[in-house]
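Trainee: no sequence on hand, only this structure:
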């Protein structure tokens, strides 16, 4: 069965993307972000961990790698029209879906007040497509779970984390949830016209990968495009929570 293409974004629209590590966005959603910002959406990135487990080089200092990966992420974001990148600084590689993390993400959702939140699918464990096999990183699942429950019930329920009310952060209802790294893709974003920008963004992560990654990503996105009837695509599992109400921005 073909995967339908998403409807174009119209009017004021705000998107929050929450992932575990620097470079997570660029692999599976970098092209989509370019499409959304080109359509006028405001996109904010939240990187939960500090990226400090991203090297096996015994000479690499942890604090140097953290700074390098933050700079790489900011440079990558600029290629797709994103200027607001938040780093929460949790330790890379040992992330847990704690109440502390959920509150941190709830605070962010109430502050930014997004229409759509993009998260990592917490239900994905073992993934395999053709010759590609992947054990989903536990940090991905942890941030996915914490993000999911920050969207609901925490972000929109007043009695949960009442201290956020003291900070002036009122409840907020998220209208759409997009999940990446999912085995249940339901919608596709046509990234045919922005693929080169996606690759430029991905290649900013020089501490993690090199130009050889382009061919693998091209194959992924061509395969996803074939499922949606376009040259290249990225796909997402999607949940919608009622009809979106367009309110004036304040």
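Mentor: On my side now, so go ahead. For clarity, every value in this text was computed on a predicted model and none was experimentally measured.
Trainee: tell me how far residue 96 lies from residue 204.
Mentor: Residue 96 is 29 Å from residue 204, where distance means CB to CB, to the nearest Å. For the C-beta atoms, the positions are set from N, CA and C on the backbone; glycine is no exception.
Trainee: do the same with residue 81
Mentor: To residue 204, residue 81 is 14 Å away according to CB to CB.
Trainee: buried sites along the top helix by length along the chain?
Mentor: For the chain, the longest helix by residue count, based on DSSP state H, is helix 62-79. For helix 62-79, the neighbour count (16 or more other CB atoms under 10 Å) marks 65, 66, 68, 69, 70, 72, 73, 74, 76, 77, 79 as buried.
Trainee: show the model's pLDDT score for residue 185.
Mentor: Reported pLDDT at residue 185 in the predicted model: 88.
Trainee: count the residues that sit near it.
Mentor: 19 (other CB atoms under 10 Å).
Trainee: please list all residues in contact with residue 97.
Mentor: 122, 141, 142, 143, 145, 146, 149 (CB atoms under 8 Å, 6 or more residues apart in numbering).
Trainee: and if we set it to 10 Å?
Mentor: Contacts here follow CB atoms under 10 Å, 6 or more residues apart in numbering; on that basis residue 97 touches 105, 122, 141, 142, 143, 144, 145, 146, 147, 148, 149, 150.
Trainee: likewise for residue 44?
Mentor: Residue 44 sits in contact with 14-18, 77, 82-86, 108, 111-112, 114, 117, where contact means CB under 10 Å, 6+ apart.
Trainee: quick check: nearest residue in space to it, chain neighbours excluded?
Mentor: Spatial nearest neighbour of residue 44, chain neighbours left out: residue 84 (4.5 Å); criterion: CB to CB, 6 or more residues apart in numbering.
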